[in-house]
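Colleague: prediction below, plus the sequence it came from.
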Amino acid sequence: MSDSTNQSASRLGVLISGRGSNLKAIIDAIADGRLDAAIALVISNKASAPGLAHARAAGIETLILSHRDFESREEYDRAMVQHLIQRGVEVVCLAGFMRLLSPVFVDAFPGRILNIHPSLLPKYPGLDPQQQALDDGATVSGATVHIVNAELDAGPIVLQREVPVFPGDSAAELAARILEVEHLLYPEALTTILRDSGSLRPSRASASVSRRRADS
Ligand code: GRF
C-alpha cells in the first residue's frame, strides 16, 4: 500500500530535475516505515526527468512545470508554491532540483525546505562538488542535508556524513560512493526534522494555538 494515503503523516513535496535516486530513497524509506511521512506531490522542471518514473510507480502525483513557460523566476516559483500549498505540503525536499529558488519560494516555506548536497558543507558548495574535492586533494568528503535559505548551499546543517576519498578516484567513482550515503542520510535527516514538528508545521501549530485561544 502506498503511504501517500497516510492522513496523519507529514506531507512532503519533492522537487527534482533528473535521475531522482534520492526521491526513490525517500519513497522507499516511507514504504519501509523508516520515515513517517507522505509525498503529496513531485514537481519536475523537466518532462524528461527519469525520476518521475519512481513517483508514478509509487502512485504519487507528479507535475511538470517548465520554467520556460513563465516570464520570470518569481512567477515560476509562485506557481510551484501554489501547487505545493494546494496539496497541503508542509516540508519541501530538493532532490537534484537544478534551479535556484527566489525569495518568493524560500519565504513561502521558512525553515521547511531541505536540500541534499554531495560534500561536507561548507566545503565545496555549488556545481561539481566531487570534482572540487578531488582538485582540493581531499581525503574525506561526504554528504550534507541542510535547510535552504537565500544563499546557495549555505543554510543550517541538519545532518552530515563523511565518505572517504581514495587515491585515484574519479569524480564519478566518488559521486557513486557519496550517493549511497545520501540515500540513507536524506530519510534520516527528514526524520530528525519532522520530530521537531512545532517549528516545521506552522499552519497546524498556529491552528491549534488559535483553537486554544478560542476555547479559553
Ligand atoms: C545528488 O548527488 C544530490 O546530492 C545533488 O544532486 C544529485 C541528485 O541525484 N543535489 P538524484 O537525482 O537524487 O539521483
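Modeller: Ah, there it is.
Colleague: for the helix or strand His83 falls within, name the packing helices and strands.
Modeller: Per DSSP states H and E, His83 falls inside helix 73-86. When contacts are defined as 3 or more C-beta pairs under 8 Å, 6 or more residues apart in numbering; DSSP states H and E, helix 73-86 packs onto strand 37-44, helix 103-106. Any C-beta I mention is one placed from the backbone N, CA and C, and that applies to glycine too.
Colleague: if we use 6 Å, what do you get?
Modeller: Packing contacts for helix 73-86, counted by 3 or more C-beta pairs under 6 Å, 6 or more residues apart in numbering; DSSP states H and E, involve helix 103-106.
Colleague: mean confidence for the helix it packs on?
Modeller: Averaging pLDDT along helix 103-106 yields 98.
Colleague: which strands or helices does the helix or strand following it pack on?
Modeller: Next along the chain after helix 103-106, taking DSSP H and E as the criterion, comes strand 113-117. Packing contacts for strand 113-117, counted by 3+ C-beta pairs under 6 Å, 6+ apart, involve strand 91-94, strand 140-147.
Colleague: just say which of these is most tucked in.
Modeller: strand 91-94 (a mean of 24; mean count of other C-beta atoms under 10 Å).
Colleague: who does that one pair up with?
Modeller: Its sheet considered, strand 91-94 pairs with strand 10-16 (parallel), strand 113-117 (parallel) by DSSP bridges.
Colleague: which one of those lies nearest to the ligand?
Modeller: Smallest distance to the ligand across these (C-beta to the nearest ligand atom): 4.4 Å, for strand 113-117.
Colleague: run the chain-centre distance for the closest one.
Modeller: 5 Å (C-alpha atoms, centre = their mean, to the nearest Å).
Colleague: so, in contact with the ligand or not, that strand?
Modeller: Yes - against the ligand, strand 113-117 shows contacts by C-beta under 6 Å from any ligand atom at 116-117.
Colleague: which other residues reach that strand?
Modeller: 22, 92-94, 144-146, 148, 153, 182, 186 (C-beta atoms under 6 Å, 6 or more residues apart in numbering).
Colleague: what's the most buried one of the strands paired with strand 91-94?
Modeller: It is strand 10-16: most buried of the strands paired with strand 91-94 by mean count of other C-beta under 10 Å, with a mean of 25.
Colleague: chain center to that strand: distance?
Modeller: 7 Å.
Colleague: ok, now stretch 152-165?
Modeller: 13 Å.
Colleague: spell out which residues of the protein are next to the ligand.
Modeller: Counting by C-beta under 6 Å from any ligand atom, the residues of the chain near the ligand are 18-22, 51, 95-96, 116-118, 179, 182.
Colleague: which of the residues you listed are buried? Put it as a PyMOL command.
Modeller: Typed into PyMOL, the line below selects the buried ones among the residues of the chain next to the ligand, using 16 or more other C-beta atoms under 10 Å:
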select buried, resi 18+20+21+22+51+95+96+116+117+118+179+182
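Colleague: contacting residues around the residue nearest the centre of the chain?
Modeller: Of all residues in the chain, the one closest to the mean position by C-alpha atoms, centre = their mean is Cys93, 2.0 Å from it. Cys93 makes contacts with 12, 14, 114, as judged by C-beta under 6 Å, 6+ apart.
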